[in-house]
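S.K.: Predicted model and sequence below, questions to follow.
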Amino acid sequence: MIHVLIVDDSSFMRKSLTHILHSDKFIKVVGTAADGEEGLRKVKQLRPDVILLDIGMPVMDGFATLEQILRECPTPVLMVSGLNEKDPTLAMKSLQCGAVDFIPKPSGVISYDIDKLSNKIITKVKVAASSRVSKSEIRPPKTELNSGMSVQGGGLVARKKMVVIGASTGGSHAVTEVLSDLPKDISVAVIVVQHLDPEFVPLFVDRLRWRCALEVSVPQRDEVIRPGRVFVAPGRCPLIITPDGAVNKIRFGYEAPPGNVFPSIDDTMESVARAYGEGALGVLLTGMGSDGARGLKAIKEAGGGTIVEDPSTCAVFGMPKAAIALGCVDEIVPLPQIAKAILRKI
């Protein structure tokens, strides 16, 4: 049973969200609160598995409450807000501050049609319940790479020309940490495939530009792959690498059908395996499900290298675990050491 606390200053929203969650037999709302200060008290008292947290509230707003929760009693938090619901900056700020995910209210602060998001809310609560959350001020030490666990034997001989990084739940922070530890003069190109709604991608790219020494952009169709660049997949259409004479170019596949994860990590990694062979390095970070496992296997079978994030630092260990189950992983490495693992192989 997943125990949930709802923190929202609207009594209608508290009742509506409770009704939605109680429609699933595996979820139980153990309490509600009308402001952040009351919510923080109830988090300490009830110890819920997941918190639904509004942003615009009296006494203590959602962001201040989130900060206190992660500092004092780390718990997976889903931010739920109708403030500027069409402005993606709130979602990105929520993720940057440590929320597991963000749910926009469909019709503003008090959304009488919130029930149309019932399935999405229930799914996100279940994903959040399986997430790993640590105290906000604590970060794993940046130890030497040799503490990483090798599961497939010796090191790789071929130097790499392309690194493709896939991530989903919790990946915004993880990708940022990896790229911020890479130097500006690396000899490879990097592709990032992060499961994000298309409207959030520009903000994600801006965040990476601010934190990283590398040049980061959303690529254009037929753009030539060049070393020292980071290309972020744009949205629903998978980013595909296609050889064109002496160069490799970026193309886009068909838009993902409703209900599918997007953009597809598998599609991108498989195209990288075909284009670069043993010159490819695949990295799979935190995320729910199995997207990327098949792609990582394709890179391994083409002679390339493969790295997955260690469960000790994953928000959700689903995608790396699926790749390990396929027997295609060279190294399992904690997040603070992944950049070093990449540099060692290129």
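M.R.: On my side now, so go ahead.
S.K.: Okay, now the sheet partners of the host helix or strand of residue 4, with direction.
M.R.: Residue 4 belongs to strand 2-7 when assigned by DSSP states H and E. Next to strand 2-7 in the sheet, as set by DSSP bridges, lie strand 27-33 (parallel), strand 50-54 (parallel).
S.K.: Residue 307 touches residue 281, doesn't it?
M.R.: Yes. Contact criterion C-beta atoms under 8 Å: residue 307 and residue 281 qualify, at 7.3 Å. Heads up, the C-betas are built off the backbone N, CA and C, glycines and all.
S.K.: on that earlier part again, dump the strands paired with strand 2-7 into CSV; add mean neighbour count as well.
M.R.: Putting the strands paired with strand 2-7 into CSV (neighbours: other C-beta atoms under 10 Å) gives the following:
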stretch, mean neighbour count
strand 27-33, 19
strand 50-54, 28
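S.K.: quick one: contacts for residue 31?
M.R.: 5-6, 42, 45-46, 48 (C-beta atoms under 8 Å, 6 or more residues apart in numbering).
S.K.: what do you get if the cut-off is 7 Å, keeping everything else the same?
M.R.: Applying C-beta atoms under 7 Å, 6 or more residues apart in numbering to residue 31 gives the contacts 5, 42, 46.
S.K.: what about the stretch 51-200 of the chain, any weak spots by pLDDT?
M.R.: Along the stretch 51-200 of the chain, the parts satisfying pLDDT under 70 run over 83-88, 108-109, 134-158.
S.K.: where along it do the strands fall?
M.R.: 77-81, 101-104, 149-150, 162-167, 189-194 (DSSP state E, counting those that start in this stretch).
S.K.: Is it possible to get CSV of the strands paired with strand 2-7 that adds distance to residue 71?
M.R.: Converted to CSV, the strands paired with strand 2-7 look like this (distance: least, C-beta to C-beta, whole Å):
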stretch, distance to residue 71
strand 27-33, 18
strand 50-54, 14
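S.K.: buried stuff in stretch 64-76?
M.R.: Neighbour counts using 16 or more other C-beta atoms under 10 Å place 64-66, 68-70, 74-76 of stretch 64-76 among the buried residues.
S.K.: Stretch 94-103 too?
M.R.: For stretch 94-103, a neighbour-count test (16+ other C-beta under 10 Å) marks 94-95, 97-103 as buried.
S.K.: a markdown table for these, including distance to residue 180?
M.R.: Shown next, in a markdown table, are the buried residues of stretch 94-103 (distance: C-beta to C-beta, whole Å):
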| residue | distance to residue 180 |
| --- | --- |
| 94 | 20 |
| 95 | 16 |
| 97 | 17 |
| 98 | 17 |
| 99 | 20 |
| 100 | 21 |
| 101 | 22 |
| 102 | 22 |
| 103 | 28 |
